[in-house]
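Student: Quick one, structure for this:
(one chain, ligands or ions: 1)
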Amino acid sequence: MAEKDKRQEQQHLNAIIDQIKRAEQKLARSITNAKADIDDINRTFGDDVHIGAGDDSISIAGALSIHQQQQMLAERNNAWQRSQQQLSVLQKLEKNPYFARIDFRELPSGHPETIYIGLASFTDAQNHFLIYDWRAPISSIYYDGNLGKVTYQTPDGEQVVEVSLKRQFIIEEGQIVSLFDTQETIGDQMLLTALSHNASTQMQGIVTTIQQEQNQIIRDTKSDLLFVQGAAGSGKTSAIMQRVAYLLYRYRKKLTSGQVVMFSPNMLFNDYVSQVLPEMGEQNMVQMTYLQYVARRLPKVQVQDLYEQFEAIQQNTITPATRFVSDLAFFQLVTSYAHQLQQGGVHFRNLYFRKQVLISRAQIANIYYGFGPQYTLLNRIDGTKEALIKIVQRKISSEMRKKWVQEQIQNLSQEELRQMYDYPDQEFKNSDDETKFLARKIVTNALRPVVKKIRHNSFINIAATYYEFLKIVPQLLPLSKYQVSDAQWQNFVAQFAADWSQHKISLANISPYLYLYDLLTGHHGDLTMKFVFIDEIQDYTPFQLAYLQYNFPRARYTMLGDLNQAILTHDNSQTLLKEITRLFDSEKTRVVQLMHSYRSTKQITEFTKHLLTVGEKIIPFNRPGDLPNIKVAASAEQMLQATREQLRANQQQNYATAIITKDLAQAQQLQQQLQQHVPITLIKSENQRLAAGDLVIPAYLAKGLEFDAVIMWNATAGQFTNQDQQLIYTITSRAMHRLSIIANQQLDPIIAAVPKDLAQWQ
Ligand SMILES: Nc1ncnc2c1ncn2[C@@H]1O[C@H](COP(=O)(O)OP(=O)(O)OP(=O)(O)O)[C@@H](O)[C@H]1O
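Tutor: The predicted structure is shown next:
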């Protein structure tokens, strides 16, 4: 490119930065003023409020004044926060205002235009766009098209333009480091630079290099279900973070970050992605794991956690019965069973008062089933609640005469008495009246917990109802059709009861349990949630997905996964997609396949894709690096030695290494052995933070993460089973720049089967 062009671009950049600086100063002044206003209002708050003379009540004028002051304060606070946010966006823009320029002409008869695209929009005093937000409709021509005719979507329909120039910039601290014109969608040069960086404990945004296939996902606004299947490292997670930012922009004023929820594989991962949106000037969405979501509904019961779940898979304790209750067929069975409960089958609990049965379960059942057949479950429960509360109210009068109440009245201290009165120095006709008043108060207070129990549906014994349901499942449906024998089913049911008696529940049972509870009590889910994102979909069961859909009935769903990386569900992963699409209207379902893999070097991706014998197509991005190296040591001692040497070699290249083990026990043992020689952090729980530097981490916690260098520990024959192909793929595909595999005496056969020329064998 001509020197003259470069000079002109730097001049243009300087002029823009000047304008940004001026806007920053203006904003900083208004922030200072807003802050002064807020302080002022706070200071004069007390003075302006007129307290009514003679008593403690506030006069109407005073109350109005308080209300006005509060409103004013809230407005100023909002304005102040908005300005703060704008300022932080401007500060980011000042360092790196834009990354692309497009010259184009609207067809058929527009005049030539030049636009610059950056992280956010920036306009001059006359409201001319100096920078376009990357999410603006026009910006999609940067991501989607080549030179020449390009079509893009606007809110008013399609628009065609003729693109004559696409220029990309790398700008650091206000200086153009490099710029190039490109014919392609996004020049490979720019992507290569982006991908060559070192891994970090925080995920980075990909605004400047979003690929065309990713852009389809980010800007989709039509689908109720957007299902993205993509190889390891194909940018699924990156794309959805960008998609959230896009949706918040596109639907601003109508959509808040609280109406977007993302279900992620573990909390470590939540932490890993937590900076992406704030870096783009947006607030984080709600983020949680499925386990957190269901477990918080049953705070007194211990739910099988991620670790136990993974161990169960490893020990092959996943039975045909567990698989069956994870299926859509079982979801439908729970749904239809709930209808049957209108006729009978709900179990109840006695309601107690002062250790005596106040309303017996038989009485409650009579009320519940006393309503006519036209009553739905919801009407039935509402009607029962009403009737129970009436019974409680009727008890008040008879209870007031009881001895315990009289005793309590006599034992009341002056202070307690004062608190019982409706207002200070309350007067009564006579002492009888006063005693009656106090007795009523005491009994009402004592009955309050019972009323609360009624309101919270505690009179329903959901565990017994669910248990009864499990017991009769074989009568409702031929289990043999689902490859479950009678004995296996009996075991499953017995296990539920045994777990429950110890206040535990398995992950397989918790979703159907809660679903039955929801149907019984008319809990209809969260109607305000507008977008639900589910990452690593392959680790969900169809039941869980159907249950999520039940819980967020008005939301649109984006599901991402790699069917090659199912480490918690194994065999059903290939059929999962079919099952999921059954849950949605096919007209509004879109399936996108991401085939390019960006994370790893070409050598690593070529190697890892051979670990999969069946699976989806994977095209490596052409970023060169070393061949993966495989070391088969002669003893456990030598394996450790080789690991230390590899760690050292990686450090010399400035690569942070993650040593990934099959399970937690191996990770713990290895870290202890290594720690005597080198500092290394053990990641043993999802509640930890990801530390910078070298780590030892079990495979199930490394999901979704990436590292400069990976050492796969103990890839010895016999450690992994035939079923572990996807686990091995997940481990090895975490490496960005270097992959090492270390085994003792004999290599795992899945790895040994990879063509010899794809690795360096030592
Ligand atoms: N368009 C892009 N520009 C720059 N970097 C990208 C792009 N797409 C993906 N990457 C990088 O590739 C790596 C992998 O991306 P990401 O973690 O989003 O993939 P994934 O599909 O979720 O992977 P996995 O399923 O293996 O967890 C990240 O370092 C990400 O920054």
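Student: For Ala194, list the residues it contacts.
Tutor: Ile206, Thr208, Thr209 (C-beta atoms under 8 Å, 6 or more residues apart in numbering). All C-beta spots, glycine's among them, are computed from the backbone N, C-alpha and C.
Student: Please read off the pLDDT at it from the model.
Tutor: You'll see Ala194 listed with a pLDDT of 79.
Student: which is the next helix or strand following the helix or strand hosting it?
Tutor: When elements are defined using DSSP states H and E, Ala194 is found to belong to helix 188-195. Helices and strands here follow DSSP H and E; after helix 188-195, the next one along the chain is helix 212-218.
Student: State the next helix or strand along the chain beyond that following helix.
Tutor: Next helix or strand after helix 212-218 toward the C-terminus (DSSP H and E): strand 225-230.
Student: elements contacting the helix ranked longest in the chain?
Tutor: Longest helix in the chain, counting residues (DSSP state H): helix 3-48. When contacts are defined as 3 or more C-beta pairs under 8 Å, 6 or more residues apart in numbering; DSSP states H and E, helix 3-48 packs onto helix 60-95, strand 122-123, strand 129-133, strand 157-172, strand 175-181.
Student: Please identify the most buried of these.
Tutor: Per residue and on average, the most neighbours among the helices and strands packed on helix 3-48 fall to strand 129-133, with a mean of 20 (mean count of other C-beta atoms under 10 Å).
Student: residues in contact with that strand?
Tutor: Among residues not part of strand 129-133, those counted as contacts by C-beta under 8 Å, 6+ apart are 16, 19, 93, 97-98, 115-124, 138-139, 249.
Student: and if we set it to 10 Å?
Tutor: With C-beta atoms under 10 Å, 6 or more residues apart in numbering as the test, strand 129-133 has contacts from 12, 15-16, 19-20, 89, 93, 97-98, 100, 102, 115-124, 136, 138-139, 142, 207, 245-246, 249, 280-281.
Student: Please indicate which of those are buried?
Tutor: 12, 16, 19-20, 89, 93, 97-98, 100, 102, 115-122, 136, 138-139, 142, 207, 245-246, 249, 280-281 (16 or more other C-beta atoms under 10 Å).
Student: Show me what residue of the chain gets nearest to the ligand.
Tutor: Here the residue of the chain nearest the ligand is Gly235; by C-beta to the nearest ligand atom that distance is 2.8 Å.
Student: State the number of residues packed around that residue.
Tutor: Gly235: 25 surrounding residues under other C-beta atoms under 10 Å.
Student: Show the backbone phi and psi for it.
Tutor: Taking degrees, to the nearest 10, you get phi 90, psi 30 for the backbone angles of Gly235.
Student: Show me the strands in the stretch 301-450 of the chain, by range?
Tutor: Chain-ordered strands for the stretch 301-450 of the chain, with DSSP state E, counting those that start in this stretch as the definition, fall at 302-303, 351-353, 356-359.
Student: Kindly apply the preceding question to the stretch 651-762 of the chain instead.
Tutor: Counting by DSSP E, counting those that start in this stretch, residue ranges of the strands within the stretch 651-762 of the chain are 657-661, 681-682, 695-698, 707-712, 735-744, 760-761.
Student: Could you do the stretch 501-650 of the chain as well?
Tutor: According to DSSP E, counting those that start in this stretch, the strands that the stretch 501-650 of the chain contains are 504-505, 531-534, 556-561, 589-594, 596-597, 619-620, 629-633.
Student: can you list contacts of the fifth one?
Tutor: When you say that, I think you mean strand 596-597. Contact with strand 596-597 is made by 191, 211, 213-214, 230-235, 604-606, 608-609, 617-621, 733, as judged by C-beta under 10 Å, 6+ apart.
Student: now do 7 Å
Tutor: Strand 596-597 has contacts (C-beta atoms under 7 Å, 6 or more residues apart in numbering) with Gln211, Ala231, Ala232, Gly233, Ser234, Thr605, Ile618, Ile619, Pro620, Phe621.
Student: Equivalent analysis for the third one, please.
Tutor: Contact with strand 556-561 is made by 223-230, 236, 240, 243, 530-538, 580, as judged by C-beta under 7 Å, 6+ apart.
Student: Kindly recompute the last result at 8 Å.
Tutor: With contacts defined as C-beta under 8 Å, 6+ apart, strand 556-561 is touched by 217, 223-230, 236-237, 239-240, 243, 530-539, 545, 549, 576, 580, 584.
Student: Show the buried residues in the residues you listed.
Tutor: Buried, going by 16+ other C-beta under 10 Å: 217, 223, 225-230, 236-237, 239-240, 243, 530-539, 545, 549, 576, 580, 584, out of the contacts of strand 556-561.
Student: Only C-alpha atoms, please: export stretch 223-235 in CSV.
Tutor: Listed in CSV are the C-alpha atoms of stretch 223-235, where the atom choice follows Å, rounded to 0.1, in the frame of the first residue of the first chain:
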residue,chain,number,x,y,z
SER,A,223,-35.1,-18.7,14.9
ASP,A,224,-36.8,-20.0,18.1
LEU,A,225,-34.1,-22.6,18.2
LEU,A,226,-30.7,-21.9,16.8
PHE,A,227,-28.6,-25.0,17.1
VAL,A,228,-24.9,-24.7,16.5
GLN,A,229,-22.8,-27.8,16.0
GLY,A,230,-19.1,-27.0,15.8
ALA,A,231,-15.8,-28.8,16.2
ALA,A,232,-13.6,-28.1,19.2
GLY,A,233,-12.2,-24.6,18.9
SER,A,234,-14.6,-23.5,16.2
GLY,A,235,-15.5,-20.5,18.1
